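Trainee: Can you look at this prediction? I've put the sequence above it.
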Amino acid sequence: KGLEFFVVFCPFMMNSSKLNNKNNFIFHNEKSEPVYVLDGEKVEYSITMAEKEALAENLRLLYVALTRAKSLCYLFWGNIKDSETSAPAYLFHGFDSAETFFAHAQNIKKMNDEDILSGLQTISAKHSSFIETVELKEASEEFFYLNDENKLKEHLFSGTIDKTWRLSSFSSLVFEKPYEVESSDYDADTLRVNQKIFPEKEQQGIFSFPAGTKAGIFFHDILENIDFTEKDEGIIRLFIRKKLDEYGFELSWEEVVYGSIRNVLDTPLSDGKQMFTFSDITSDKRLNELEFHFPIKKFSLAKAESYDSYKAKGVMKGFIDLIFEHNGKFYIVDWKSNLLGYALESYSQEEIKKTMMEKNYHIQYLIYSVALHRYLSLSVKNYSYETHFGGVFYIFLRGICRESKGETGVFFDKPDKKIIDGIE
């Protein structure tokens, strides 16, 4: 639908509107609710409704087919098997209701070619400027034979294809592989190789919670769906138990997970100008899992100091875990469940910055920043980057502790506007 062609042929618009299987079908009632029927023979009303719905769909498809042509449209019609309840039968024989149409379908089936042709000629005579009725000619017995003089040859493509234009994402840039379907950002939870962070004894608390992609999805799911301002501990615990069961984790993890979520919600956050917590953010100030696409003329970012390491042009795609607004500023949040170590020291500012560079997260949040910057420039009146763009928080969930007052597990940055503007 939506495409147009100069000439359109519609040879197969004769689909029957009758049910093939009256023992197992679906129709929609007056409230547009789907109704599943397992024995329609016992409920004649359901058969009637399903066939009326099928006729309506066939008429819709006929309309779409007939309106694709810019110059000329050929529609084939005649006394064809099982076509008496098709969309053209309803259209060409002057019925004003589906009930009347189905009641007289057998009369249409009995019509001969002369009667059908006469009816079509009556219609075309009323609209002779637009419609013409012609009889389908017998197939010609002339055949086209290939020989050396008229041998078909392919046209050779002499143009050039710009292979640098593509659909890109953070993953396709960093891992240097062709674009794959980009999904929400869930961490693999791989342990960074650092001898200092391996445990000397069995760990307790959030450091002992299973690592892996499933754990990342689990925490993302909770943080996406809970109310950050919820004061009732029982409601949050009930939701955590539900998710533990849903993801196949032991319910004995409830206390650990609740403590972790509580730490995340209550840990002070700072953008350098104001302090707040996630528990200050109401649901109407949040936008979860924002999927984005934005065009790029050139994209050139650095793996370290060289800004020539990552290049792309075309369209950039991705998902942002959370965008929230606080006091007129908009912030990006990315939840990271990576296991960096078994003590808070492994989530210090120094260790987190190392991880950000090793995992190329600085590339990721620059992409996110450009996406949000462009989004806000279209949706916020009198938008300016300096006034409205708050910055980016990367929250390493296993390193968040209220007592550390944001010194562990939290990474914050507000990219220089020159860098954002440099990505066209």
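Mentor: That came through, no problem.

Trainee: Tell me, how many residues neighbour the closest residue to residue 136 other than its chain neighbours?
Mentor: Spatially, and ignoring its direct neighbours in sequence, residue 136 is nearest to residue 76 (6.9 Å; CB to CB, 6 or more residues apart in numbering). Glycine gets a C-beta too; all of them are placed from N, C-alpha and C. Residue 76 has 13 neighbouring residues, counting by other CB atoms under 10 Å.

Trainee: What of residue 173?
Mentor: By the criterion of other CB under 10 Å, residue 173 has 22 neighbours.

Trainee: where's it relative to residue 225, distance?
Mentor: Separation of residue 173 from residue 225 (CB to CB, to the nearest Å): 30 Å.

Trainee: Against residue 338, how distant is residue 111?
Mentor: Relative to residue 338, and taking CB to CB, residue 111 is found at 73 Å.

Trainee: out of those two, which sits in the busier spot?
Mentor: Ranked by neighbour count (other CB under 10 Å), residue 111 and residue 338 place residue 338 first, with 23 against 17.

Trainee: part of a strand, is that one?
Mentor: No - Residue 338 is assigned coil when assessed by DSSP: H, G, I helix; E, B strand; the rest coil, not a strand.

Trainee: For the remainder of this discussion, apply numbering that starts at 76.
Mentor: Yes, from this point I'll number from 76; that puts the last item at residue 413.

Trainee: Do you know the pLDDT at it?
Mentor: Here, the pLDDT recorded for residue 413 equals 91.

Trainee: Could you do residue 493 as well?
Mentor: Value for residue 493, per-residue pLDDT: 89.

Trainee: who does the helix or strand harbouring it touch, helix- and strand-wise?
Mentor: Element membership of residue 493, judged by DSSP states H and E, is helix 492-497. Secondary-structure packing of helix 492-497 (3 or more CB pairs under 8 Å, 6 or more residues apart in numbering; DSSP states H and E): helix 436-454, helix 460-463.

Trainee: contacts for the first one?
Mentor: For helix 436-454, contacts defined as CB atoms under 8 Å, 6 or more residues apart in numbering pick out 245, 248-249, 260, 365, 367, 369, 376, 378, 385, 391, 393, 395, 398, 405, 407, 409, 411, 430-431, 458, 460, 463-464, 467, 469, 488, 490, 494-495, 498.

Trainee: can you rerun that using 7 Å?
Mentor: Helix 436-454 is contacted by residues 245, 248-249, 367, 369, 376, 385, 391, 393, 395, 398, 405, 407, 409, 431, 458, 460, 463-464, 467, 469, 488, 490, 494-495, 498 when judged by CB atoms under 7 Å, 6 or more residues apart in numbering.

Trainee: Give me the subset of these lying in strands.
Mentor: When the contacts of helix 436-454 are checked against strands (DSSP state E), the matches are 367, 369, 376, 385, 391, 393, 395, 398, 405, 407, 409, 464, 467, 469, 488.

Trainee: hey, which helix or strand in this protein has the poorest pLDDT?
Mentor: Here the helix or strand of the chain ranked lowest by mean pLDDT, DSSP states H and E is helix 245-249, holding a mean of 78.

Trainee: mind listing the helices in the chain by residue range?
Mentor: Ranges of helices in the chain, per DSSP state H, are 119-141, 162-167, 173-178, 180-184, 188-201, 245-249, 288-300, 308-321, 329-341, 424-433, 436-454, 460-463, 492-497.

Trainee: Pick the most buried one from the ones you listed.
Mentor: helix 162-167 (a mean of 22; mean count of other CB atoms under 10 Å).

Trainee: could you point out where the stretch 176-325 of the chain is predicted with low confidence?
Mentor: Counting by pLDDT under 70, the stretch 176-325 of the chain has low-confidence residues at 250-279.

Trainee: Looks like the residue nearest to residue 211 contacts residue 87 (just checking).
Mentor: No - counting by CB atoms under 7 Å, residue 151 stays clear of residue 87, with 8.0 Å between them.

Trainee: Could you tell me how far residue 154 is located from residue 84?
Mentor: Distance from residue 154 to residue 84, counting by CB to CB: 20 Å.

Trainee: Over to residue 299?
Mentor: As judged by CB to CB, residue 299 and residue 84 stand 50 Å apart.

Trainee: go on, residue 465?
Mentor: For residue 465 relative to residue 84 (CB to CB), the value is 58 Å.

Trainee: quick one: which of the two has more around it?
Mentor: Just comparing residue 465 and residue 84: by other CB under 10 Å the higher neighbour count belongs to residue 465, 23 against 13.

Trainee: ok, now which ones touch the more buried one?
Mentor: Going by CB under 7 Å, 6+ apart, the list of residues near residue 465 reads 346, 404-406.

Trainee: Specify which member of the residues you listed is nearest to residue 105.
Mentor: residue 405 (44.3 Å; CB to CB).

Trainee: Just the pLDDT at that closest one, thanks.
Mentor: So residue 405 comes in at 97 (pLDDT).

Trainee: what's the answer for residue 380, then?
Mentor: 40.

Trainee: likewise residue 111?
Mentor: Looking at residue 111, its pLDDT reads 85.

Trainee: Name the nearest residue to residue 470, sequence neighbours excluded.
Mentor: residue 410 (5.5 Å).

Trainee: Hmm, I typed the wrong one, I wanted residue 427.
Mentor: In space, and not counting its chain neighbours, residue 427 is closest to residue 486: 4.9 Å by CB to CB, 6+ apart.
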